[in-house]
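Undergrad: this is the structure alone, sequence omitted:
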């Protein structure tokens, strides 16, 4: 029997780099999308969601596996798919109408037809009257509407959305989500299926028929959930909140034995444990908030609602609390450990001492401090350490990992960093005199020039 699915990914993997610097972005991905479905790829930053969109649209070829579109192996660009990116990607020198017509001209559509089609699409997305405006005259939400209209101009069967609301303010994002759903559910766009990437849990549940949950290191599918709620959906509906709780539980996972949680150091066999990219003040605030709870235990989804933070940010904070031994995660709940309580109630200096004790046990810190101790001056150039980390992580992630390690180390008074020389060194080694306020930079590692 012929395969009638709109899209199938079979054992798709994407590997970047060569030799020792190979990095697996996604591994052994199997996904099916049928006509009439609104599917969301949900997962933390770095799990390969955007990579899959590029593979599906033919913007890049998978290292392994097959992409089947209506049962036929995809070769090159997928002519039946269009993609809308999180950045608006409009041509600033073209008007709104001309930005939409660009897609049609690229397909060889005659001018008379392209004008009529562009005007019709702009009317559908609510931009009638703004045809002659330039992107600079529009709000973020209106610019993204232009992006939607341009993507739909080629009548795509599959509309791919790469975090299309993440660059918008809260109100604009909410309005645009509702308008997109109105167009989709009302059959006012030619699309047969929508595939959207997001790391916002509530957004996924609000919009999707199915949620494909992904995890990273490497990117992989951990669950494929059908959302059993009719449209329109109400965020305060207890059934909606049940699904939110379930998805948070999947993404937060369960606290594992320490040897699994900590992973290994760079260069050692096994998985190098990445440091969560967080603000340490936010982590302290989370622990203080949990410490005020009657039983130090809380549903993670309720925590997100009360703290007014997005799910990706909260999950990274929880990951850090778990890694440092301040909290445990089980069945979608977070529980503060006694050490977490002690940290939350400690003085500024006592917090630094607790934090220093906890990060010294992390393999990546053991590795970094060992490298520094191995040099005569107990110091290394930033680029030297980043290059070493690029054997474990892609360049952008390697820089982020080093940024986190240095920031955590500075807070714990284990490491120091000089911005003008870009030197990382162990805190106040005997032969290095303390810097004065005039010659020492207070710039965080993440703000390097």
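TA: Arrived safely, thanks for sending. Predicted model only: the values in this text are computed from it and were never measured.
Undergrad: quick one: residue 267 and residue 370 touch, right?
TA: No. Here residue 267 lies out of contact with residue 370, judged by Cβ atoms under 8 Å, at a distance of 10.5 Å. For every residue, glycine as well, the C-beta is placed using N, CA and C.
Undergrad: what about the strands in the stretch 51-200 of the chain?
TA: If DSSP state E, counting those that start in this stretch is used as the criterion, the strands of the stretch 51-200 of the chain fall at 64-69, 72-73, 81-84, 158-162, 193-198.
Undergrad: now render these as TSV, adding distance to residue 258, mean pLDDT and mean neighbour count.
TA: Output for the strands of the stretch 51-200 of the chain, formatted as TSV (distance: least, Cβ to Cβ, whole Å; pLDDT from 0 to 100; neighbours: other Cβ atoms under 10 Å):
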stretch	distance to residue 258	mean pLDDT	mean neighbour count
strand 64-69	34	91	17
strand 72-73	45	90	10
strand 81-84	42	85	23
strand 158-162	37	90	24
strand 193-198	32	92	24
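Undergrad: can you redo those as TSV with distance to residue 213?
TA: As requested, the strands of the stretch 51-200 of the chain are arranged in TSV below (distance: least, Cβ to Cβ, whole Å):
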stretch	distance to residue 213
strand 64-69	20
strand 72-73	27
strand 81-84	21
strand 158-162	17
strand 193-198	11
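Undergrad: relative to residue 376, which of those is closest?
TA: Residue 376 lies closest to strand 64-69 among the strands of the stretch 51-200 of the chain, at 45.6 Å (Cβ to Cβ).
Undergrad: run the chain-centre distance for the closest one.
TA: Centre-to-centre, strand 64-69 and its host chain are 24 Å apart (Cα atoms, centre = their mean, to the nearest Å).
Undergrad: now for that strand, which elements pack on it?
TA: Under the contact criterion of 3 or more Cβ pairs under 8 Å, 6 or more residues apart in numbering; DSSP states H and E, the helices and strands touching strand 64-69 comprise strand 7-16.
Undergrad: tell me which strands and helices the strand it packs on is in contact with?
TA: strand 23-33, helix 49-56, strand 64-69.
Undergrad: any idea which of those is most buried?
TA: Highest mean neighbour count of the helices and strands packed on strand 7-16: helix 49-56, a mean of 23 (counted as mean count of other Cβ atoms under 10 Å).
Undergrad: and residue 393, what does it touch?
TA: The contact partners of residue 393, taken as Cβ atoms under 8 Å, 6 or more residues apart in numbering, are 23, 272, 274, 401.
Undergrad: for it, give me the pLDDT.
TA: According to the predicted model, the pLDDT of residue 393 comes to 84.
Undergrad: kindly confirm my reading that it is in a strand.
TA: No. Remark: residue 393 does not belong to a strand; assigned using DSSP: H, G, I helix; E, B strand; the rest coil, it is coil.
Undergrad: give me the distance between it and residue 274.
TA: Here residue 393 is placed at a distance of 7 Å from residue 274 (Cβ to Cβ, to the nearest Å).
Undergrad: what's the answer for residue 425, then?
TA: As defined by Cβ to Cβ, residue 425 lies at a distance of 23 Å from residue 274.
Undergrad: now do residue 249
TA: Distance of residue 249 to residue 274, given as Cβ to Cβ: 21 Å.
Undergrad: equivalent analysis for residue 32, please.
TA: Shown here: residue 32 relative to residue 274, a distance of 30 Å by Cβ to Cβ.
Undergrad: now swap in residue 323 and tell me
TA: From residue 323 across to residue 274, the span is 10 Å (Cβ to Cβ).
Undergrad: cool, and residue 371?
TA: 18 Å.
Undergrad: which of the two has more residues huddled nearby?
TA: The neighbour count for residue 371 versus residue 274, taken as other Cβ atoms under 10 Å, is higher for residue 274 (19 against 16).
Undergrad: could I get the phi/psi values of that one?
TA: Per-residue torsions, residue 274: phi -80, psi 150 (degrees, to the nearest 10).
Undergrad: right, and it touches residue 398 too?
TA: No. Counting by Cβ under 8 Å, residue 274 stays clear of residue 398, with 10.0 Å between them.
Undergrad: so which residues make contact with stretch 134-151?
TA: Among residues not part of stretch 134-151, those counted as contacts by Cβ under 8 Å, 6+ apart are 82-85, 88-96, 99-100, 102-103, 118, 121-122, 124-127, 130, 159, 164-165, 167-169, 172-173, 175-176, 179-180.
Undergrad: my error: substitute stretch 169-183 in the last question.
TA: For stretch 169-183, the external contacting residues (Cβ under 8 Å, 6+ apart) are 124-126, 139-141, 144-145, 148, 164-166, 168, 188-189, 203, 206-207, 231-232.
Undergrad: that one: how far from the chain's middle?
TA: In this view, stretch 169-183 has its centroid 20 Å away from the chain centroid, taken as Cα atoms, centre = their mean.
Undergrad: now stretch 40-49
TA: 6 Å.
Undergrad: re the thing from before, please identify which of the strands of the stretch 51-200 of the chain is closest to residue 409.
TA: For residue 409, the closest of those is strand 193-198, at 32.8 Å, according to Cβ to Cβ.
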